[in-house]
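Engineer: quick check, what structure comes out for this input:
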Amino acid sequence: MWRKYKKDNFDQRLITKTNKFFFKKCEDFLCASHDIKNQIVQLTNKKAKYHLFKPYYKKKWFQNIKPVDIRKRPFKILFIGRIIDNKGIFDLLKIAHNLQDKNIVFEICGEGNFKYELNEQINKLGLSKVKYLGFLNRFQLLKKIKECHAIIAPTRTGFTEGFNNVIIESILASRPVITSAVCPAMFDVKDAVMEAKPDDIKSYTQAILDLYKNEKLYKTKQRACKKYQAKYYEKKNSWGYMLKRILLKHIKKTR
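Structural biologist: Numbering: from 1, shown residues only. Okay, here's the model as predicted:
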């Protein structure tokens, strides 16, 4: 789909026109977010039958992760994702640079084309409180989530973000999220999110500072995570369940 905050280039406009042609021939659409749903509705002149699904998780993966004590130091911020520019990793270094005088540690998990450049920049800027951990398996990742206070998803406006499951995984672990409207998942769990302005280093820095300094605010965001969790443990909300239901509907029509 297209980016919300950037003008489309020629290639994207061509893809959109092609999508519009094919989408008019489709009866049902499985959509990961309201952003995608809204674009589908626009491309099909409001004739789309859309079905919003949610990522599905097994409760046992998160049930042993307890809410972290806000007073525990250092205050740990975790990034999980691809190590590419448009996921905001270099913005994250600028944010960390702004917060060097605070007892805040940033841990970065993931693989990508910019991992060597990331390490170079960490060393060049002398960011001793930023740790690049590389790829972690699920169990290692859950351990890091357990240790952190919050998760950050600073995706840039140049990236077409369909949802961003990391935001939901943070909520399931009762960890507030720092992100912007570039990530559509934010709107599903908004009360548990510290919203920053897209591509705005100062706004992200302030959002982290607010969580770091304000125990009442942190606990409010932490409690808000709880009210969103149940729907992501429901199989009936998953992509697979909804796809099966749609296919069965069409099979019945052909009989």
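
Engineer: can you list the domains in the protein?
Structural biologist: Following automatic domain parsing, one finds the domains of the chain at 10-53+238-254, 61-231.

Engineer: let me have those in JSON lines, extended by mean pLDDT, mean neighbour count and distance to residue 4.
Structural biologist: Bear in mind the C-beta positions are built from the backbone N, C-alpha and C, glycine included. Formatted as JSON lines, the domains of the chain follow (pLDDT from 0 to 100; neighbours: other C-beta atoms under 10 Å; distance: least, C-beta to C-beta, whole Å):
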{"stretch": "domain 10-53+238-254", "mean pLDDT": "86", "mean neighbour count": "14", "distance to residue 4": "7"}
{"stretch": "domain 61-231", "mean pLDDT": "96", "mean neighbour count": "18", "distance to residue 4": "7"}
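
Engineer: tabulate these (TSV), appending distance to residue 3.
Structural biologist: Shown next, in TSV, are the domains of the chain (distance: least, C-beta to C-beta, whole Å):
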stretch	distance to residue 3
domain 10-53+238-254	8
domain 61-231	5
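
Engineer: in the stretch 101-250 of the chain, which spans are strands?
Structural biologist: 104-109, 130-134, 150-153, 177-179, 193-195 (DSSP state E, counting those that start in this stretch).

Engineer: the second one: partners in the sheet, and parallel or antiparallel?
Structural biologist: If I follow you right, that is strand 130-134. strand 104-109 (parallel) (DSSP bridges).

Engineer: now residue 229, nearest residue through space, not along the chain?
Structural biologist: With C-beta to C-beta, 6 or more residues apart in numbering as the criterion, residue 229 has its nearest non-adjacent residue at 5.6 Å, and that residue is residue 172.

Engineer: ugh, wrong one, residue 114
Structural biologist: Residue 114 sits nearest to residue 83 (C-beta to C-beta, 6+ apart), 5.1 Å away.

Engineer: mind checking what secondary structure that neighbour has?
Structural biologist: coil (DSSP: H, G, I helix; E, B strand; the rest coil).

Engineer: and it, what does it touch?
Structural biologist: 89, 108, 110-115, 118 (C-beta atoms under 8 Å, 6 or more residues apart in numbering).

Engineer: could you rerun that using 6 Å?
Structural biologist: Going by C-beta atoms under 6 Å, 6 or more residues apart in numbering, residue 83 touches 89, 110, 112, 114-115, 118.

Engineer: how close does residue 123 get to residue 116?
Structural biologist: According to C-beta to C-beta, to the nearest Å, residue 123 stands 11 Å off from residue 116.

Engineer: returning to what we had before: take the contacts of residue 83 and write them to a markdown table, including distance to residue 183.
Structural biologist: Listed next are the contacts of residue 83 as a markdown table, based on distance: C-beta to C-beta, whole Å:
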| residue | distance to residue 183 |
| --- | --- |
| 89 | 15 |
| 110 | 15 |
| 112 | 17 |
| 114 | 19 |
| 115 | 22 |
| 118 | 20 |
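
Engineer: for residue 225, state which of those is nearest.
Structural biologist: Closest approach to residue 225 among the contacts of residue 83 (C-beta to C-beta): residue 110, at 22.4 Å.
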